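In: Here you go, sequence then predicted model.
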Amino acid sequence: MKLTVRQERFCLEYAKTGNATESYKKAGYKGDDYAIIATNASRLLKNDKVKARLEELAQEMQSQKIASAAEVQERLTRILRMEETEDSVVVEGIEKGITEARIIQKRPALKDVIQAGTTLAKMQGAFENNVNVNVVLPVIGGDESLED
């Protein structure tokens, strides 16, 4: 399922912008009449090879945007261990009536460390309190014709 060079360029542009007519032009297709360009771009979107390539690109982009569970757990662990820092603006007095703001790196606050630990523990199932108990209760009395 090989695309032409222009089809590939069209797919890459369309994946970025979602605008078929602009992607059509940027891919190198010629045309001055907007209606013809729009029609041809629409026709290109219906091409089976182009649709398949656009689906591939969408899946690639989606997987890059979403953090995996392992990535989230690693980040939470770094916060829990106070290995992460964040920018914080500090205003200091340098002379009478004159202050200066500067950015410093600070470690996570204790409440953030506790929250990271709690979230990490929940992700790993540490707080599951659900208990399933299967009990067979004998039926005393009742109708003898009941089925088992």
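Out: Alright, I've got the coordinates.

In: From here on, just use CA atoms for contacts and neighbour counts.
Out: Fine.

In: so how far is Gln115 from Ala109?
Out: 10 Å (CA to CA, to the nearest Å).

In: What is the neighbour count of Lys16?
Out: 13 (other CA atoms under 10 Å).

In: er, Val135 I mean
Out: Counted by other CA under 10 Å, the residues lying close to Val135 total 6.

In: Give me the secondary structure label for it.
Out: What DSSP: H, G, I helix; E, B strand; the rest coil gives for Val135 is coil.

In: from here on, count from 51
Out: Let's use 51 as the start, then, which means that last one is Val185.

In: hang on, the earlier thing: higher neighbour count, Ala159 and Gln165?
Out: Applying other CA under 10 Å to Ala159 and Gln165 shows that Gln165 carries more neighbours, namely 15 against 11.

In: just checking, what packs against the lowest-mean-pLDDT helix or strand in the chain?
Out: Ranking every helix and strand in the chain by mean pLDDT, DSSP states H and E puts helix 98-115 at the bottom, with a mean of 87. Applying 3 or more CA pairs under 8 Å, 6 or more residues apart in numbering; DSSP states H and E, we find helix 98-115 packed against helix 55-67.

In: how about a cut-off of 10 Å?
Out: helix 55-67, helix 84-95 (3 or more CA pairs under 10 Å, 6 or more residues apart in numbering; DSSP states H and E).

In: a markdown table for these, including mean pLDDT and distance to Ala171?
Out: As requested, these are exported to a markdown table (pLDDT from 0 to 100; distance: least, CA to CA, whole Å):
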| stretch | mean pLDDT | distance to Ala171 |
| --- | --- | --- |
| helix 55-67 | 91 | 38 |
| helix 84-95 | 92 | 46 |
